[in-house]
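1. What shape does this take:
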Amino acid sequence: MNCKLCPRMCGRERDGGAPCHSGEEMRIARAALHFWEEPPISGKNGSGAVFFAGCPLGCRYCQNYDISRGITPGRAVTPEELSGIFFDLAAQGAHNINLVTATQFVPGVRRALLYRKPPVPVVYNTSGYERRETLRALEGLVDIYLPDFKYAEGGLAKDLSGARDYPETAIKAIHEMVRQAGPPEYDENGMMKRGVLIRHLILPGHTKNSIAALELIAREFPGIPVSLMAQYTPWGQARDGIPGYPELSRGITKRELLKVQDALFELGLEGFVQSRKARGAQFIPEFQ
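-> All right, here's what the predicted structure looks like:
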């Protein structure tokens with residue numbers, strides 16, 4: 001398979017040496033109820049989160065570093081087996097099926113969703129670094145898009161994720177998500193049943209990037225809410241220190257959070273501000 005699923009369009013054989021650290025087999029590292037998403041995603045019962053191994057973006061500080069870099073490879077599943085996992089999670093009471101970093105396995109995920117549509121909404125949880133062509137293969141199968149918008153600064157995206165084109169690529173991708181799913185729709189219990197919710201993780205020492213990212217979101221995606229995430233935890237390469245970025249070895253400060261939060265309010269963006277207390281290794285799932 002000469003892969004062109006993600007914006008890197010590497011054309012590499014999927015033998016594990018591709019930038020996404022994935023082979024041709026669809027692999028998952030965890031499937032369980034997950035309670036640490038936004039309130040209209042996790043609710044009381046939890047989101048049925050399926051964490052896929054590998055990642056096309058590969059941030060140096062990734063909170064799921066072991067699986068995104070292939071250190072923990074997960075286990076292989078067929079589309080039929082994946083469909084069964086979706087239905088098992090729904091039977092456990094999951095409010096939705098949450099596909100976490102599935103880009104590199106979209107063909108298999110699509111087959112699983114076509115095999116049997118889950119009885120609860122399907123969430124596509126992504127870094128935002130997507131090709132529109134790949135997203136179009138999911139039209140009608142995904143109900144909720146949950147993309148990150150990590151960077152407004154191409155230089156920062158290059159240094160920390162090896163993707164200078166991240167800002168413009170993510171904007172195009174999120175426009176496609178909005179075209180498919182539109183603004184959020186909620187049920188009688190306040191749970192999201194359709195739409196787009198954009199996330200932004202504040203990086204320590206980079207409030208300028210965060211404010212610029214929020215400005216872009218306000219301009220490009222009116223009516224789409226934002227989840228402002230304050231729970232950055234030094235992980236991956238950031239645990240040992242990233243050359244040139246020593247600030248990534250700490251969490252964000254209260255002052256940094258308030259500065260970005262004020263910008264969110266001034267721009268009139270709706271959504272959520274997650275607490276700094278929701279950070280630390282105890283909030284990072286165990287993978288196997």
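2. Could I get the average pLDDT for the lengthiest helix in the chain?
-> Identified as the longest helix of the chain according to DSSP state H is helix 166-181. Throughout helix 166-181, pLDDT has a mean value of 98.
3. got it, and stretch 274-286?
-> 55.
4. What pairs with the helix or strand just after the longest helix of the chain, parallel or antiparallel?
-> Sequence-wise, the next helix or strand downstream of helix 166-181 (DSSP states H and E) is strand 185-186. According to DSSP bridges, strand 185-186 has the following sheet partners: strand 192-196 (antiparallel).
5. Tell me which residues are up against whichever helix or strand comes after the partner strand.
-> Counting by DSSP H and E, the next helix or strand C-terminal to strand 192-196 is strand 198-201. By Cβ atoms under 8 Å, 6 or more residues apart in numbering, the residues outside strand 198-201 that reach it are 146-150, 174, 210, 213-214, 217, 221, 224-229, 231-232, 271. Backbone N, C-alpha and C define where each C-beta goes, glycine included.
6. How far off centre is strand 198-201?
-> Here strand 198-201 is found 9 Å from its chain centre; the criterion is Cα atoms, centre = their mean, to the nearest Å.
7. The residue nearest the centre of the chain bridge partners, please.
-> The structure's the chain has its C-alpha centroid closest to T126; by Cα atoms, centre = their mean the separation is 3.0 Å. T126 has the following beta-bridge partners by DSSP bridges: P147.
8. That one is in contact with D148, isn't it?
-> Yes: at 6.9 Å, T126 and D148 qualify as touching, with contact defined as Cβ atoms under 8 Å.
9. Tell me the confidence at G11?
-> Confidence score, pLDDT, at G11: 84.
10. Now do it against Y129, distance only.
-> 17 Å (Cβ to Cβ, to the nearest Å).
11. Which residues does the strand ranked longest in the chain contact?
-> Taking DSSP state E as the criterion, the chain has its longest strand at strand 27-34. The contact list for strand 27-34 (Cβ under 8 Å, 6+ apart) reads 42, 45-54, 67, 72-77, 82, 85, 88-89, 92-94, 98, 105, 285-288.
12. Quick one: buried ones out of those residues?
-> 42, 46-54, 67, 72-74, 77, 82, 85, 89, 94, 98, 105, 285, 287 (16 or more other Cβ atoms under 10 Å).
13. So which of the residues you listed are in strands?
-> When DSSP E is applied, the buried ones among the contacts of strand 27-34 are split such that 47-52, 98 fall in strands.
14. Format those as a markdown table; extra columns: distance to D165.
-> Formatted as a markdown table, those follow (distance: Cβ to Cβ, whole Å):
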| residue | distance to D165 |
| --- | --- |
| S47 | 30 |
| G48 | 32 |
| A49 | 28 |
| V50 | 28 |
| F51 | 26 |
| F52 | 23 |
| N98 | 27 |
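15. Just the closest of these to Y186, please.
-> S47 (15.0 Å; Cβ to Cβ).
16. In contact with that closest one, which residues?
-> S47 sits next to 33-35, 37, 41, 94-96, 98, 123 when contact means Cβ under 8 Å, 6+ apart.
17. TSV for those residues, including pLDDT and distance to A163?
-> Putting the contacts of S47 into TSV (pLDDT from 0 to 100; distance: Cβ to Cβ, whole Å) gives the following:
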residue	pLDDT	distance to A163
L33	97	32
H34	95	26
F35	94	30
E37	93	24
I41	97	26
A94	98	31
H95	98	32
N96	98	28
N98	98	24
V123	98	23
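18. Among the residues you listed, which pair sits farthest apart?
-> So, the contacts of S47 by Cβ to Cβ: farthest apart are F35 and V123, at 14.3 Å.
19. related to what we said a few turns ago, show me which pair in the ones in strands among the buried ones among the contacts of strand 27-34 is furthest apart.
-> The farthest-apart pair in these, when distances are taken by Cβ to Cβ, is S47 and F52, at 14.8 Å.
20. So the residue nearest to the centre of the chain versus F87, what's the distance?
-> 23 Å.
21. low pLDDT regions in the stretch 151-288 of the chain?
-> 276-288 (pLDDT under 70).
22. What is the burial count for E266?
-> 12 (other Cβ atoms under 10 Å).
23. Same check on E80?
-> Other residues close to E80 by other Cβ under 10 Å number 11.
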